[in-house]
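**Student:** When you get a sec, could you give me coordinates for this:
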Amino acid sequence: MFIAAIRSVATYVVVSLYVLIVGPPAMLLAILFGWTDLLYVLGHWGVRIGLVLSGISYRVRGRENLPANRAAVFCSNHQSNIDPPLLFKALHPRTHILYKHEIDQIPVLARAFRMGGFIPIDRRNKESSMRSIEAGAASIRAGHSFLIFPEGTRSKTDDLLPFKKGGFIMAVKAGAPIVPVAIRGGKEAMKKGSPIVRPVTIHINVGTPIETAHVKPDERNALIEQVRTEIERLLTEIRE
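**Tutor:** Residues are numbered from 1 along each chain as shown. Sure, this is the predicted structure:
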């Protein structure tokens, strides 16, 4: 535990300094020259630094199911704060994220998120949520893939929480495939309420894309249930 605590402090300090030092000039270059790709490259480096310092490794199963030439919505379960940055790095070189609007309170990070095409969503405000969903659908139609966590928050157990509809509506509006993703190990790496990051191997299982192009509004609940069932199956495969 002591070593994990030391590594955790080093991870927080180094990654924070990395964001503060690298973030502002990178955003300036993105503004002046339109180099938004640079933000993604530096973002992946930042995640890599955090993984190395904390001792976390990961394995991906089902890479062949990742769409190569079309935008998709990656739909994953959520166990810890490790999940978003890890999936951002593991799934796609330019994954956009539908993220909680509370992160906008972190100035440099929020600014980088917005410039990178990430979209905040406030689930407590229905009108604002719908604007975010429409913006996300437009971005997907423009060729950008998104990562969503339909549970809305981290699950304290191995059971999935109820799924929110927003990300599914976004995918249907854009006619984009939904790629079910299961991630396991994040809860062991970082327990909810604890700042300690433990060195573990996290397993990611990618399922077959589920098409949404012909899904009608009254079929959304069935789509959600289909994706949920597939994620549960993928989690079971990881256990085995």
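
**Student:** make it CA atoms for all contacts and neighbour counts henceforth
**Tutor:** Will do.

**Student:** Give me the phi and psi angles of the residue of the chain most remote from its centre.
**Tutor:** Among the C-alpha atoms of the chain, the one farthest from their average position, using Cα atoms, centre = their mean, is that of F2, at 29.5 Å. Note on F2: its backbone torsions stand at phi -60, psi -50 [degrees, to the nearest 10].

**Student:** for F146, same thing?
**Tutor:** Dihedral angles of F146 (phi, psi; degrees, to the nearest 10) stand at phi -130, psi 150.

**Student:** For it, grab the count of nearby residues.
**Tutor:** Other residues within reach of F146 by the criterion other Cα atoms under 10 Å amount to 28.

**Student:** I'd guessed it sits against Y99; true?
**Tutor:** No: applying Cα atoms under 8 Å as the test, F146 and Y99 come out as separate, 10.2 Å apart.

**Student:** Can you tell me the centre-most residue of this structure?
**Tutor:** The chain, centroid-nearest residue using Cα atoms, centre = their mean: P84 at 3.9 Å.

**Student:** Look up how far P25 lies from it.
**Tutor:** 24 Å (Cα to Cα, to the nearest Å).

**Student:** Which SSE is immediately downstream of the lowest-mean-pLDDT helix or strand in the chain?
**Tutor:** Sorted by mean pLDDT, DSSP states H and E, the helices and strands of the chain end with helix 107-115, the least confident at a mean of 74. The C-terminal neighbour of helix 107-115 among helices and strands, as given by DSSP states H and E, is strand 119-121.

**Student:** if we can go back for a sec, may I have the least confident helix or strand of the chain exported as CSV, CA atoms only?
**Tutor:** Taking only C-alpha atoms (Å, rounded to 0.1, in the frame of the first residue of the first chain), the coordinates of helix 107-115 have been written out as CSV:
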residue,chain,number,x,y,z
PRO,A,107,-9.9,25.3,-16.8
VAL,A,108,-6.9,24.0,-18.8
LEU,A,109,-8.4,20.5,-19.1
ALA,A,110,-11.8,21.7,-20.0
ARG,A,111,-10.4,24.1,-22.7
ALA,A,112,-8.4,21.3,-24.2
PHE,A,113,-11.5,19.0,-24.2
ARG,A,114,-13.5,21.6,-26.0
MET,A,115,-10.8,22.2,-28.6
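
**Student:** Not counting its own residues, what contacts that helix?
**Tutor:** V19, L20, G23, P24, M27, A30, T36, L39, I103, D104, I119 (Cα atoms under 8 Å, 6 or more residues apart in numbering).

**Student:** Burial check on the fifth one, number of neighbours?
**Tutor:** Counted with other Cα under 10 Å, residues neighbouring M27 total 21.

**Student:** what about N205, which helix or strand?
**Tutor:** N205 belongs to strand 201-206 when assigned by DSSP H and E.

**Student:** what do you get for V15?
**Tutor:** Short version: V15 belongs to helix 2-33, going by DSSP H and E.

**Student:** Pull out the buried positions in the following helix or strand past that helix.
**Tutor:** The helix or strand immediately downstream of helix 2-33 is helix 36-54, counting by DSSP H and E. When burial is assessed from 16 or more other Cα atoms under 10 Å, helix 36-54 yields the following buried residues: 36, 39-40, 42-44, 46-51, 53-54.

**Student:** helices or strands up against the helix or strand just after helix 36-54?
**Tutor:** For helix 36-54, the following helix or strand on the C-terminal side (DSSP H and E) is strand 57-61. Packing partners of strand 57-61 (3 or more Cα pairs under 8 Å, 6 or more residues apart in numbering; DSSP states H and E): strand 201-206.
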